[in-house]
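> coords please:
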Amino acid sequence: MNLPNKLTLTRIIIVPFFVAALLIPFPLHNLIALIFFAAASVTDLLDGKIARKNDLVTDFGKFADPLADKILVLAALLCFVQNGLCDCVAVILVLLREFSVTSVRLIAASKGKVIAANIWGKVKTVTQMIAVTVIITLQVFADLQSFGLSLPNNYQTIAFIVNEILIWISTFFAVLSGVVYLKQNSGFISDM
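Prediction:
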């Protein structure tokens, strides 16, 4: 297994630790979750760059890299729903997009074709990574209040508004990228 694929698998392995840090309340748990998420995000940046630079692109990587992104981001969004930080409708839309795209990928794979992510899939992933990072960071600041950090009285309202805006921007790009992906690969759908 080459280095980019090991980085992709590392991202998947980080997910349970990230989820535990988000859901188990202990001092500075959101900060620990942010560190896990940042580490996973770095593997996402590195795996593709290393693979392309060193001609290490594999069919496994083309399939596993976007899958690892989905696992990481959906884990975050589901934890956000549980913690009251995200609307479940947004998560349902993202799940619908992910299942649709993955289904087309599986159909294509059964015909010997591996479909790599397109630019809109990358935009979706970037907006999701930004949204998750900012939302967790806002929670870190809220946690730091117990350590004496002074925040504005309306901090929770501001954080809620920022959360909603970022979640819905990333959801918009998820749906848009899904529609583009399905349209670009409609030949696999029509063959069913």
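> rest of the way, CA atoms for contacts and neighbours
Will do.
> which residues of the protein score low on pLDDT?
191-192 (pLDDT under 70).
> which stretches of it form helices?
3-23, 29-53, 59-82, 88-110, 119-144, 155-184, 186-190 (DSSP state H).
> can you list those in CSV and add mean neighbour count?
Shown next, in CSV, are the helices of the chain (neighbours: other CA atoms under 10 Å):
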stretch, mean neighbour count
helix 3-23, 19
helix 29-53, 18
helix 59-82, 18
helix 88-110, 17
helix 119-144, 19
helix 155-184, 18
helix 186-190, 12
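> at the geometric centre of the protein, which residue do we find?
The centroid of the chain falls nearest to Val73 when counting by CA atoms, centre = their mean (2.5 Å).
> was I right to think that residue contacts Thr127?
No. Using CA atoms under 8 Å, Val73 makes no contact with Thr127, being 10.5 Å away.
> which residues do the two both contact?
By CA atoms under 8 Å, 6 or more residues apart in numbering, Val73 and Thr127 have no common neighbours.
> how far away is the residue in the chain sticking out farthest from the centre from Phe141?
Most distant from the centre of the chain: Gly148, at 31.8 Å, with distances by CA atoms, centre = their mean. Distance from Gly148 to Phe141, counting by CA to CA, to the nearest Å: 11 Å.
> ditto for Ala116
37 Å.
> repeat that for Gly121.
On the measure of CA to CA, Gly121 and Phe141 end up 30 Å apart.
> mind listing what Ser170 touches?
Ser170 neighbours (CA under 8 Å, 6+ apart): Lys124, Thr127, Gln128, Ala131.
> one more pass at 6 Å, please.
When contacts are counted by CA atoms under 6 Å, 6 or more residues apart in numbering, Ser170 touches Thr127, Gln128.
> distance check, it against Ala33.
Relative to Ala33, Ser170 is positioned 20 Å away (CA to CA).
> now Ile165
21 Å.
> do the same with Val175
Val175 is 26 Å from Ala33, where distance means CA to CA.
> same question, Val57
The value you get for Val57 to Ala33, if CA to CA is used, is 30 Å.
> can you check Tyr155 too?
Distance from Tyr155 to Ala33, by CA to CA: 21 Å.
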